[in-house]
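**Q** this is a predicted model, with the sequence first.
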Amino acid sequence: MKGKAWKFGDNINTDEIIPARYLNTSDNAELASHVMEDADPDFAKKMSKGDIIVAGENFGCGSSREHAPIAIKTAGIACVIAKSFARIFFRNSINMGLAIIESPEAVDATAEGDMVEVDLAEGTITNVTKGGKYTFPAFPPELEGIIAEGGLMSYVKKNVTQ
Amino acid sequence: MGHTITEKIIAAHSGKDTVSPGQFVYADVDIALGNDITAPIAIREFRDAGFKKVFDPTKVVLVNDHFTPNKDIKSAEQSKIVREFAREHKLTHFYDVGTVGVEHALLPEQGIVVPGDLIIGADSHTCTYGALGAVATGSGSTDLAAAMASGKVWLKVPESMKFVFTGKRGAWVGGKDFILAVIGKIGVSGALYRAMEFCGDAITSLPVEDRLTMCNMAIEAGGKNGIIAADAATAEYEKGRAERKSRIFTSDPDASYVVTHEFDASSMRPLVACPHLPENVKPAAELSDIRIDQVVIGSCTNGRISDLRIAAQVLKGRVADGNVRLIVLPATPEIYKQALKEGLLEIFAEANASIGPPTCGPCLGGHMGILAAGERAVATTNRNFVGRMGHPKSEVFLSNPAVAAASAVTGRITDPDEL
């Protein structure tokens, strides 16, 4: 995946990613039309499919609303690179299949508008604009199992008999 | 090496003698919880995956509490999805307008969650139940869908942090101030992925409802769970409510903690978290020149009967400032009825409060008290993020119910000692 970087700061919370005033729907496309609205009101209009969010510490803190990774993924953001993720946002992303990467080095080295290339299999982030390359470790095998199945529901379906 | 209460409860729910931090387990859940915002997505996931029945209709709890009584057509449609699913699967614990309360006030009150439980909920404040000596953590809708189908959740065993509170707490200081002190000290990511264990003589003497307030906000420090070992006060609280038998777990004396923080309750004063993060904590007395437009007393954090008693104690014989809209939302129908019996609602009404139904309402900027641009509120709720209670240019200050009530009277942030 290769896309333009959109930079955000620390502690971007799920109220900023998808404000509660829009949670009266669970329609993915409608949620996506308001993605990041209270962090950057014009974000949904400015971004293009395949772009990458690059953020600081504790991305996705606050509410457990899975509407947040749904809005990001449905809007067409290819992946989120952050210094760290809040834990519920982290598990929601694993469970529903939004690519997320922790890499403080890549975040520090990336400016808004840089072209960034991510190779999930190889575990590398390349800042095409500036030339830097950064590696990130694979997820633990237990999470790789969920990711490989395409998300938690497929995994549970396969491993649970009713 | 000994184990913490969190490790012991997770081990007991995953068929293992012991577990250690960092280990992944699939744990059995005692309760899987969802609400009118998170459950519709979980129900869609559950159906799309082809599941036909829930793992146990007594253990899936659905609560229409966020946008209820429904504020618009869209939210009514969301509630309807939940209602129909609850009926289809004959769920024992489904709560709708009339019986519904704010979920994290409702479940402990009704004895649906008990000491020793492992609970997941598609709501971040599910961590509240740790106050009863349970492991309870927030998750997303897909986690809820998977738990509704399988009765299980994947968990990474967290490292534990210990917070020791000692000394006799002063007037107008409660669980809200304890937890704001913690968040102010370690920050909103200070407990990321970790268990937050609270103990000490000031916790032993802290009423259970204040403990629920403390564990409720563990998530505001990034914590996986907040937990307080069940004791005599917990046993007393559970009498006449607990639907299932309690299981008592305690941390071993040689259990391992990544860090221990100590707090002197006797020197604490009422605190306020300033916009736009719960870590921006200052003594209420230092903020006395900040004018406010609204006060909200309610929520899963501080909408319980003890909170309303404190607010009424401050408001009795007083009236809200003419520039302040005072909103009181008893968190459950039982609390509402009790407040009615005790005359608290009359005190609020005489103080010009608008008394609303049990609902999450304005806490998340849902309805029943939304702020316009430039407006400020003091709220007994749990979050003060940008736009949390309405317009992105509005502000929320978080406090205990005594500070909120005193601020309503003066029209500015006020330490109740000032009155």
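**A** Here it is on my side, so go on.
**Q** pLDDT weak spots in the chain?
**A** This is for chain A. Scanning chain A for pLDDT under 70 picks out A:160-162.
**Q** that's the wrong chain, I meant chain B
**A** Residues of chain B meeting the criterion pLDDT under 70: none.
**Q** can you give the domain ranges for it?
**A** B:5-262, B:272-418 (automatic domain parsing).
**Q** and the shortest one, how far apart are its ends?
**A** By that I understand domain B:272-418. Distance across domain B:272-418, first residue to last, is 15 Å (CA to CA, to the nearest Å).
**Q** hmm, that domain touching chain A?
**A** Yes - Domain B:272-418 comes into contact with chain A (CB under 8 Å from any CB of the partner chain), by way of B:277, B:364, B:365, B:366, B:383, B:385, B:386, B:387, B:388, B:392. Just so you know, the C-beta spots here come from the backbone N, C-alpha and C atoms, and that holds for glycine as well.
**Q** setting aside sequence neighbours, what's the nearest residue to residue B:154?
**A** Closest residue in space to residue B:154, ignoring its immediate chain neighbours: residue B:26 at 5.6 Å, by CB to CB, 6 or more residues apart in numbering or on different chains.
**Q** for residue B:67, that is, sorry about that
**A** Nearest residue to residue B:67, sequence neighbours excluded (CB to CB, 6+ apart): residue B:75, at 3.7 Å.
**Q** equivalent analysis for residue B:212, please.
**A** Per CB to CB, 6+ apart, closest to residue B:212 is residue B:131, 4.4 Å.
**Q** list, one by one, the residues from the stretch 151-300 of chain B near chain A.
**A** Neighbours of chain A within the stretch 151-300 of chain B, by CB under 8 Å from any CB: B:152, B:154, B:156, B:188, B:189, B:192, B:193, B:219, B:222, B:224, B:277.
**Q** now for residue 121, how many residues are close by?
**A** Because you didn't say which chain, this covers chain A. Around residue A:121 there are 6 other residues, counting by other CB atoms under 10 Å in any protein chain shown.
**Q** switch to chain B, please.
**A** Counted with other CB under 10 Å, residue B:121 comes out at 31.
**Q** can you check residue B:391 too?
**A** For residue B:391, the count of nearby residues is 17 (other CB under 10 Å).
**Q** got a list of what it touches?
**A** Neighbouring residues of residue B:391 by CB atoms under 8 Å, 6 or more residues apart in numbering or on different chains: B:370, B:371, B:372, B:373, B:374, B:375.
**Q** excluding covalently adjacent residues, which one is nearest to residue 132?
**A** Picking chain A for this. residue A:109 (4.9 Å).
**Q** wrong chain, I was asking about chain B
**A** residue B:115 is the one closest to residue B:132 (CB to CB, 6+ apart), at 4.9 Å.
**Q** same question for residue A:85.
**A** For residue A:85, ignoring the flanking residues on the chain, the nearest one in space by CB to CB, 6+ apart is residue A:59 at 5.2 Å.
**Q** any idea how far that neighbour is from residue A:70?
**A** Separation of residue A:59 from residue A:70 (CB to CB, to the nearest Å): 15 Å.
**Q** so for these two, which residue has more residues nearby?
**A** For the pair residue A:59 and residue A:70, the greater number of neighbours falls to residue A:59 (31 against 25), based on other CB under 10 Å.
**Q** in chain A, which spans are strands?
**A** In chain A, the segments counted as strands under DSSP state E are A:2-7, A:52-55, A:79-82, A:99-102, A:115-119, A:124-127, A:133-135.
**Q** now tabulate the ones you listed in a markdown table and tack on distance to chain B and mean neighbour count.
**A** A markdown table is the format used below for the strands of chain A (distance: least, CB to the nearest CB, whole Å; neighbours: other CB atoms under 10 Å in any protein chain shown):
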| stretch | distance to chain B | mean neighbour count |
| --- | --- | --- |
| strand A:2-7 | 17 | 18 |
| strand A:52-55 | 13 | 26 |
| strand A:79-82 | 11 | 24 |
| strand A:99-102 | 11 | 19 |
| strand A:115-119 | 23 | 18 |
| strand A:124-127 | 22 | 20 |
| strand A:133-135 | 21 | 15 |
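**Q** residue B:201 - how many residues pack around it?
**A** For residue B:201, the neighbour count with other CB under 10 Å is 13.
**Q** which residues touch it?
**A** Taking CB under 8 Å, 6+ apart, we find residue B:201 in contact with B:165, B:166, B:167.
**Q** top of those residues by neighbour count?
**A** Highest neighbour count within the contacts of residue B:201, by other CB under 10 Å: residue B:165, with 24 neighbours.
**Q** distance of that one relative to residue B:197?
**A** In this view, residue B:165 and residue B:197 are 11 Å apart by CB to CB.
**Q** now swap in residue B:323 and tell me
**A** The gap separating residue B:323 from residue B:197 is 43 Å, by CB to CB.
**Q** and these two? Which one has more around it.
**A** residue B:197 (26 against 11).
**Q** quick check: the more buried one touching residue B:4?
**A** Yes - between residue B:197 and residue B:4 there is a contact under CB atoms under 8 Å: 6.4 Å.
**Q** next, count neighbours for the nearest residue to residue B:391 once chain neighbours are set aside.
**A** Nearest non-adjacent residue to residue B:391, counting by CB to CB, 6+ apart: residue B:373, 4.4 Å away. For residue B:373, the neighbour count with other CB under 10 Å is 9.
**Q** which neighbours does the helix or strand hosting residue B:164 have in its sheet, and in what orientation?
**A** Per DSSP states H and E: residue B:164 is located in strand B:160-166. Sheet pairing for strand B:160-166, assigned by DSSP bridges, gives strand B:195-199 (parallel), strand B:259-264 (parallel).
**Q** most packed of those strands?
**A** Using mean count of other CB atoms under 10 Å in any protein chain shown, the stretch among the strands paired with strand B:160-166 with the largest mean neighbour count is strand B:195-199, at a mean of 27.
**Q** mind listing what's buried along the next helix or strand after that strand?
**A** Note on strand B:195-199: by DSSP H and E, the next helix or strand toward the C-terminus is helix B:201-204. By 16 or more other CB atoms under 10 Å in any protein chain shown, the buried positions in helix B:201-204 come out as B:202, B:203.
**Q** what's the answer for stretch A:26-40, then?
**A** A:26, A:28, A:31, A:32, A:34, A:35, A:36, A:37, A:38, A:39.
**Q** tell me the bridge partners for the spatially most central residue of chain A.
**A** The residue lying closest to the centre of chain A (CA atoms, centre = their mean) is residue A:80, at 3.3 Å. Taking DSSP bridges as the rule, residue A:80 bridges to residue A:53, residue A:100.
**Q** can you name the residues that contact it?
**A** Neighbouring residues of residue A:80 by CB under 8 Å, 6+ apart: A:52, A:53, A:54, A:55, A:59, A:72, A:93, A:98, A:99, A:100, A:101.
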